[in-house]
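Trainee: sequence unknown, structure follows:
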């Protein structure tokens, strides 16, 4: 361990024996973490951040050693571990905020424990193994401490920072942690979903899935749909129609699949089905790889009308009869329209036995076509020039005769 003397700074801090003992403990802890970092860098670093945030909260560091203790601790740690990133005062404040965010909610422990049960990804056994290892660590416990949630180790540090900055509740934060793990979100993808308020729209489409599908498929289908789909990656001309919307979505299908969520595969646009000798075409057809069911998506560029539900009902039944195999679960339908009245939708779904739902879309960018069109003066000038050229050509023709 580095035995260099402590560097005295200008911060108004009481660097008494207890402070020095605490700093030595932190330095020793960090060196132990460095040894293991080559094996589990992210998980170990996050556990260290969690424990330092815990210390700042439970030791009442600012009350005990002075208001500048975070800044002083930052300088002392940087001096003890030169060249190591992550000891800025700003980052130490994030650590404290991180621990405070979860420890302030009495239900946080129970909510965090449910993540392991909800997650459905291939690394589940490894997750339980990591959880067991962390729970068995011989760490110095403090009164009222909340243990580090092992599942947090699967999410990068700055993701955690963004989540606590943007989320209002622990439940909301855990939602984004779970989705980050399931979908492998980058920081920009996380930011996009935080900005779009995915927590408030996911699973919120108006549907009859839970009533018309057996458990657990009905619940899972509901969780997969949103009340609103963010199509901000599209740019369309003013007054665009449904065909133009479909074409744009097909062109940006990768982005649209990300917006739909994990597990969806694109099965076709204007999918042809023949019923009683008549050709019908489904706007968009998707298949959920893990849950093994088709989803018929109908697009409307205008607000919801009750008759839309009847058409979607027809297509869902047709897919069940003509496309599904014995290995497939029942098909669901989703109408995505520009706007809707929830009462109209709920009444329209009453009595329909097929599982269908209704959602909206938003944020499509409109091309500024007007700026590219000629002005009235330009049109008038062009007409006058054309008339002059015509008269000149007529005069030359008459002279030639």
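Mentor: Perfect, I can see it now. Fair warning: this is a prediction, and the values are worked out from it, not measured in the lab. Numbers count the residues shown, from 1 in each chain.
Trainee: now for the closest residue to residue 288 other than its chain neighbours: which residues touch it?
Mentor: Among residues not flanking residue 288 along the chain, residue 263 sits closest, at 5.0 Å (CB to CB, 6 or more residues apart in numbering). C-beta here means a position set from N, CA and C on the backbone, and glycine is covered the same way. When contacts are counted by CB atoms under 8 Å, 6 or more residues apart in numbering, residue 263 touches 224, 288, 289, 290, 291.
Trainee: let me see the backbone angles for the residue most central in space within the chain.
Mentor: Nearest to the mean C-alpha position of the chain, counting by CA atoms, centre = their mean, stands residue 193 at 3.3 Å. Main-chain dihedrals, residue 193, degrees, to the nearest 10: phi -70, psi -30.
Trainee: distance of it from residue 237?
Mentor: 28 Å (CB to CB, to the nearest Å).
Trainee: okay, the residue nearest to residue 288: pLDDT?
Mentor: According to the prediction, residue 263 has pLDDT 89.
Trainee: and the strands in the stretch 151-300 of the chain?
Mentor: Using DSSP state E, counting those that start in this stretch, the strands assigned to the stretch 151-300 of the chain run over residues 206-207, 228-230, 235-236, 264-275, 278-288, 293-300.
Trainee: how far off strand 264-275 does the fifth one point, in degrees?
Mentor: Put plainly, it is strand 278-288. Computed with axes from the mean of the first three to the mean of the last three CA atoms, to 10 degrees, the direction of strand 278-288 lies at 160 degrees from that of strand 264-275.
Trainee: report the distance from strand 278-288 to the chain centre.
Mentor: 27 Å (CA atoms, centre = their mean, to the nearest Å).
Trainee: can you tell me which helices and strands it packs against?
Mentor: Using 3 or more CB pairs under 8 Å, 6 or more residues apart in numbering; DSSP states H and E, the elements in contact with strand 278-288 are helix 242-251, strand 264-275, strand 293-300, helix 307-322.
Trainee: which is the succeeding secondary structure element to the longest one?
Mentor: If you walk from helix 307-322 toward the C-terminus, the next helix or strand you reach (DSSP states H and E) is strand 332-337.
Trainee: residues in contact with that next one?
Mentor: When contacts are defined by CB under 8 Å, 6+ apart, strand 332-337 is touched by residues 205, 207, 209, 213, 221, 225, 229, 293-304, 308-309, 312-313, 315-316, 354-361.
Trainee: okay, buried residues for the helix or strand just after that strand please.
Mentor: Going down the chain from strand 332-337, the next helix or strand is helix 342-349, by DSSP H and E. Buried residues in helix 342-349, counted by 16 or more other CB atoms under 10 Å: 344, 345, 348, 349.
Trainee: of those, closest to residue 250?
Mentor: Of all the buried residues of helix 342-349, residue 250 sits closest to residue 345, with 26.3 Å by CB to CB.
Trainee: since we're on the nearest residue to residue 237 once chain neighbours are set aside, how many residues are nearby?
Mentor: Spatial nearest neighbour of residue 237, chain neighbours left out: residue 367 (4.9 Å); criterion: CB to CB, 6+ apart. By the other CB atoms under 10 Å criterion, the neighbourhood of residue 367 contains 12 residues.
Trainee: before I go, just wanted to say thanks for your time.
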